[in-house]
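> below are the sequence and a predicted model for it; my questions follow.
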2 protein chains.
Amino acid sequence: MLKEDYPEGYQSLFAVFNAIHPLSDELKSAIVNHSHVVNIKRKTTLLNAGESSNTIYFIVSGGARVYYLDNDGKQTNTWFLFEQELLISVYGFFTGQPSFEYIETLEDSVLIAVKREKLDEMYLQFMEFNFIGRKLTEYYYIRNEIQANELRMLSAKERYETLLKRSPQLFQRVSLGHIASYLGISQETLSRIRK
Amino acid sequence: MLKEDYPEGYQSLFAVFNAIHPLSDELKSAIVNHSHVVNIKRKTTLLNAGESSNTIYFIVSGGARVYYLDNDGKQTNTWFLFEQELLISVYGFFTGQPSFEYIETLEDSVLIAVKREKLDEMYLQFMEFNFIGRKLTEYYYIRNEIQANELRMLSAKERYETLLKRSPQLFQRVSLGHIASYLGISQETLSRIRK
DNA sequence: TTATTTTTTTGACTTTTATCAAAAGTCAAA
DNA sequence: TTTGACTTTTGATAAAAGTCAAAAAAATAA
């Protein structure tokens, strides 16, 4: 199969995976055969709380947020994810338990979707795929850990400044209300901090 | 090699790994040859902030805590780990960056220590070892995620009640001061909550 | 046992951030 | 260019949890 023959979007996914561990042609084919490309409008819910989270998405273009509802029914964002990133509700996908999180697109998006059972098949058939899976899990784990530590260690103002410095583009793509909830502060407090 | 011939402590480690994916004798031997057993007194520092975190420990017996110092020099515990659990500073070990965390034993402990380069060798030599590594990374990731979400979603009192219900034994082995910092509340507030 | 260190509790006060209510600004479409 | 739906800002007040200082209790060592 020629490079150009893989369906649109897969080059981006293969590039990410290949940078971690070389992908054999067999594995590439298996990935194509065990997944499908989907086009999703913005503000579409991909996962509801209570549902089983059995799909992992690779974002070819666009972006999404992961959030949960707190006791008072208020949304709290835990992740914003964009091109070349993986999109799941970690807890639901890894444990198989019903999700407490929601996933919603922030923009019109092109995603590559893989069902968990297909992914598990590939993990068993291609042991080297576990090398990639392990590295990616470590990568997102670290991101999660950094975020969790910042929520602990830093004041509201410091969290805002850290995020602004690290991800200035985020402020172009996501509303301040969403960012406030991601930073664990009320929208009003964020507004005051920004002055 | 007979089962009984593996050095003391490894049966416990093999049992944990084997429950995830069958371990070949070759892999078992490699693990024994690439690690060593260490006896550590309580309150011993295994890792200091600023150092490179290049060792992963399996706890055969005993326990340890992972903590960092905040701006004011106050210790904040992020993990308590005991028998049959893995002990690392996640950020430092996975990124290779200098650690911002400290690791200290809570009790006299027996640990199996593996250097990162030895671990990486085994990951390359035994691709099925990545299956185990991936699953373990997922498992600790989920624990981290649950903890981070509880810090976000729950009030100080709710966090205390959740921990007390889930890990009552923890309160037998760890001081309230340590637990308060783990829960992200001051010792005084924890004391008031407990009344 | 007694002394010493460490841990836990209590009281008074402060700080940070949330909440509620309302005004102002922005954007897109009719 | 006006309507309507969000989004962001502002002001006043409240709640949650922190800080500081000191006492009390418990654990450990001499």
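Sure thing, it's come through. Numbering: from 1, shown residues only, chains lettered A, B, ... in the order given.
> contacts and neighbour counts: CA atoms only from here.
Will do.
> helices or strands up against the longest helix belonging to chain A?
If you go by DSSP state H, chain A has its longest helix at helix A:127-153. Using 3 or more C-alpha pairs under 8 Å, 6 or more residues apart in numbering or on different chains; DSSP states H and E as the contact test, the elements touching helix A:127-153 are helix A:116-125, helix B:90-95, helix B:127-153.
> ok, now which ones touch whatever residue of chain A ends up closest to DNA strand C?
Distances between chain A and DNA strand C by C-alpha to the nearest atom of the strand are smallest at A:Ile185, namely 3.2 Å. Residues in contact with A:Ile185, defined by C-alpha atoms under 8 Å, 6 or more residues apart in numbering or on different chains, are A:Ala156.
> same thing with the one 5 residues further on?
Under the criterion of C-alpha under 8 Å, 6+ apart, the contact partners of A:Leu190 comprise A:Ala156, A:Lys157, A:Tyr160, A:Leu176, A:Ala180.
> what residues sit buried inside stretch A:90-108?
Neighbour-count burial for stretch A:90-108 flags A:90-94, A:98-108 (criterion: 16 or more other C-alpha atoms under 10 Å in any protein chain shown).
> one more: stretch A:143-155?
Applying 16+ other C-alpha under 10 Å to stretch A:143-155 flags A:Asn144, A:Glu145, A:Gln147, A:Ala148, A:Glu150, A:Leu151, A:Arg152, A:Met153 as buried.
> hmm, who's touching that stretch?
With C-alpha under 8 Å, 6+ apart, stretch A:143-155 has contacts from A:Arg159, A:Leu183, A:Gly184, B:Asp70, B:Asn71, B:Tyr91, B:Asn144, B:Glu145, B:Ala148, B:Gly184.
> could you check how far the third one is from chain B?
Remark: distance between A:Gly184 and chain B (C-alpha to the nearest C-alpha, to the nearest Å) = 7 Å.
> strands of chain A, start to end?
Assigned by DSSP state E, chain A shows strands spanning A:35-40, A:45-47, A:55-61, A:63-69, A:75-82, A:86-87, A:101-105, A:109-115.
> same for the last one, what does it pack against?
Spelled out, that is strand A:109-115. Looks like strand A:109-115 contacts strand A:35-40, strand A:55-61 (3+ C-alpha pairs under 8 Å, 6+ apart).
> picking that back up, near DNA strand D too, which of the contacts of stretch A:143-155?
B:Gly184 (C-alpha under 7 Å from any atom of the strand).
> closest to B:Asn48 out of the contacts of stretch A:143-155?
B:Tyr91 (13.2 Å; C-alpha to C-alpha).
> what separates that closest one from B:Phe100, distance-wise?
Distance of B:Tyr91 to B:Phe100, given as C-alpha to C-alpha, to the nearest Å: 8 Å.
> likewise A:Leu154?
14 Å.
> what average pLDDT does stretch A:176-194 get?
Mean per-residue pLDDT for stretch A:176-194: 91.
> then stretch A:91-99?
96.
> hmm, back to that, A:Lys135 is nearest to which of the helices and strands packed on helix A:127-153?
helix B:127-153 (7.9 Å).
> just want the angle from that closest one to strand B:75-82.
Orientation check (axes from the mean of the first three to the mean of the last three C-alpha atoms, to 10 degrees): helix B:127-153 against strand B:75-82 gives 130 degrees.
> tell me if helix B:127-153 is near DNA strand C.
No: Helix B:127-153 stays clear of DNA strand C (C-alpha under 7 Å from any atom of the strand), getting no nearer than 9.9 Å.
> and that helix, how far out from the chain's middle?
Remark: helix B:127-153 is offset 12 Å from the chain centroid, using C-alpha atoms, centre = their mean, to the nearest Å.
> same check on stretch A:28-48?
13 Å.
> do stretch A:11-27 as well
19 Å.
> tell me which residues of that stretch are tucked away?
Neighbour-count burial for stretch A:11-27 flags A:Ser12, A:Leu13, A:Phe17, A:Leu23, A:Leu27 (criterion: 16+ other C-alpha under 10 Å).
> what about these, which are in helices?
Checked against DSSP H, the buried residues of stretch A:11-27 include these in helices: A:Ser12, A:Leu13, A:Phe17, A:Leu27.
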